[in-house]
Structure formats: structure tokens, C-alpha cells
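here's my sequence, what's the structure:
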Amino acid sequence: MGVSEISHRSPAFDQIINQANKDLRELLEIPHNYKVLWMQGGGLTQFATTVLNLVAWYRIKHQLTPQDQVEAQYVVTGSWSKKAAEECERLGVKADKVVDAKKLYGGKFKGIPEKSQWNIQQLEEHSRVPAFVYYCDNETVDGVEFGGNDANEEENAFPFHSFDPEIPVVCDMSSNFLSRPVDVSKYGVIYAGAQKNLGPAGVTLVIIREDLIGTSLSLHFISFF
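Coordinates of the predicted model:
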């Protein structure tokens, strides 16, 4: 009998999910202030989920009014990040493209542009930071992959040090999750469709820093995660 054929309330399933959480935490050395969530659907669902949750979290944190505009930053290096940015805009949130590799490479996604070509805002004192910055670690359609977690190690690594530390970094790792070590503490949210390296299709793993989940004032959006 497969796991999909047993009750999710059964002791057998509890044992499976608890062991999976334990193994994953040990393997990635996930800090205690991060939650591991197993979600239904695929990685694309998280395009909207990330925006809805983090924008709501951001509005509550900064006590914004409905008229206050909130923006997010997107590093567009391939088809998946392009779709993620489009979903953000569809939901009414400004998607500020830190870099659009397609424009820089003559209409095609060919690689990760040099950091000097990234439009990373230098925030002034008292200015409001974006709700989050998003990137896709491995753009499978276009053959573009970031190199690692430390910008000093590889030229095409994500430049964490260039962004304000108050901005949560969101990363789609669907296609290369568990293929190499990851410093989870550098991220606000990591998500991955399980069908590539982790498990069957229809399951998405989310690793989220606890402070981004919200408070009792934001129960209307906690259920998305």
C-alpha cells in the first residue's frame, strides 16, 4: 500500500511525515526558526502563494493602508522567473525587475548577467524596502542555473550581500533541490515541487522562516502556507 492510499490522520502516515521532516532537517541543517511545510499542488502554485502571504505579512508589519503600494523584486533569468513576475503583477503587486536577462541578451535567456548590470536599489534611510526578492535557482527551460550560496565562491552565485538584509529572499528550487548543500539561513522562503528530486508530483515542499508566517492578526492568510 502506497502513502497516497492511507489516511493522512493515521499513525502510519504520522510516522512517515515525521521521519521525512527529521531527515530533511538533518540533511539541510535547517535552523530551528524555520518551518517545514508539505503542500498540495506544484511549484507554480507558490508563485501566487508567496505574493499573497508575504505582501499581507509586510502590510501588517508596517501597518499599511489599502492605498499604500507594495512592491516585490524579481530576478528574471528564465521562463520560470518570468512567469513568477507576471503572476505577481496579475495579483496587483508591482514586480520590480532587478534584472531582465532576456533584454540584456538580445531577446533570449542565455545566462546570468554580471552583477554590475543588476538594478539593485540603494535604499535611503527611512525608505520602505520591498516585501521580498525572488529568484529561480535553476531555469530548466533555458539552461540557466545559479552557482551557489556565496557570491565570493562562484561568479554566477546569487549576491545575497548586495540586498538589504531586511528583504526576505524567496527562491524556487524545484529542479535542483537536494542536489547540493544550501545555507537555509540566508533565505526567507525556499520552495520546491517534489517531482524532480524529492518525491512524487502533486507535492510541494516549503521551508519558511517563522517570523514570516504572521501573527494572530493575519490568520486570513496563514492558511495559504
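
what ranges of the chain fall below the confidence cut-off?
Where the chain drops to pLDDT under 70, the residues are 1, 4, 122-127, 148-154, 199-200, 214-225.

buried set for the helix or strand hosting Leu52?
According to DSSP states H and E, Leu52 maps onto helix 45-62. Neighbour counts over helix 45-62 (16 or more other C-beta atoms under 10 Å) mark 45-47, 49-51, 53-59 as buried. From N, CA and C alone the C-beta is placed, and that goes for glycine too.

which residues of the chain fall in strands?
Applying DSSP state E to the chain gives strands spanning 34-40, 71-76, 94-100, 133-136, 138-139, 144-145, 169-172, 189-193, 203-209.

turn the ones you listed into JSON lines, columns for distance to Ser179.
Listed next are those as JSON lines, based on distance: least, C-beta to C-beta, whole Å:
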{"stretch": "strand 34-40", "distance to Ser179": "18"}
{"stretch": "strand 71-76", "distance to Ser179": "20"}
{"stretch": "strand 94-100", "distance to Ser179": "24"}
{"stretch": "strand 133-136", "distance to Ser179": "14"}
{"stretch": "strand 138-139", "distance to Ser179": "8"}
{"stretch": "strand 144-145", "distance to Ser179": "10"}
{"stretch": "strand 169-172", "distance to Ser179": "13"}
{"stretch": "strand 189-193", "distance to Ser179": "10"}
{"stretch": "strand 203-209", "distance to Ser179": "14"}
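
just the CA coordinates of stretch 178-190, formatted as CSV?
Once non-C-alpha atoms are left out, stretch 178-190 reads as follows in CSV (Å, rounded to 0.1, in the frame of the first residue of the first chain):
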residue,chain,number,x,y,z
LEU,A,178,18.7,18.5,-2.6
SER,A,179,21.3,18.4,-5.4
ARG,A,180,23.8,20.4,-3.3
PRO,A,181,24.2,21.9,0.1
VAL,A,182,22.1,25.0,0.9
ASP,A,183,22.6,27.6,3.6
VAL,A,184,18.9,27.8,4.6
SER,A,185,19.5,30.7,7.0
LYS,A,186,20.1,33.1,4.0
TYR,A,187,16.5,32.6,2.8
GLY,A,188,13.1,33.8,3.9
VAL,A,189,11.3,31.1,1.9
ILE,A,190,12.5,28.1,-0.1
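
show me the helices in this structure, by range?
Per DSSP state H, the chain carries helices over the ranges 11-28, 45-62, 79-90, 101-104, 219-222.

quick one, which of those helices gets closest to Val141.
Smallest distance to Val141 across the helices of the chain (C-beta to C-beta): 4.2 Å, for helix 79-90.
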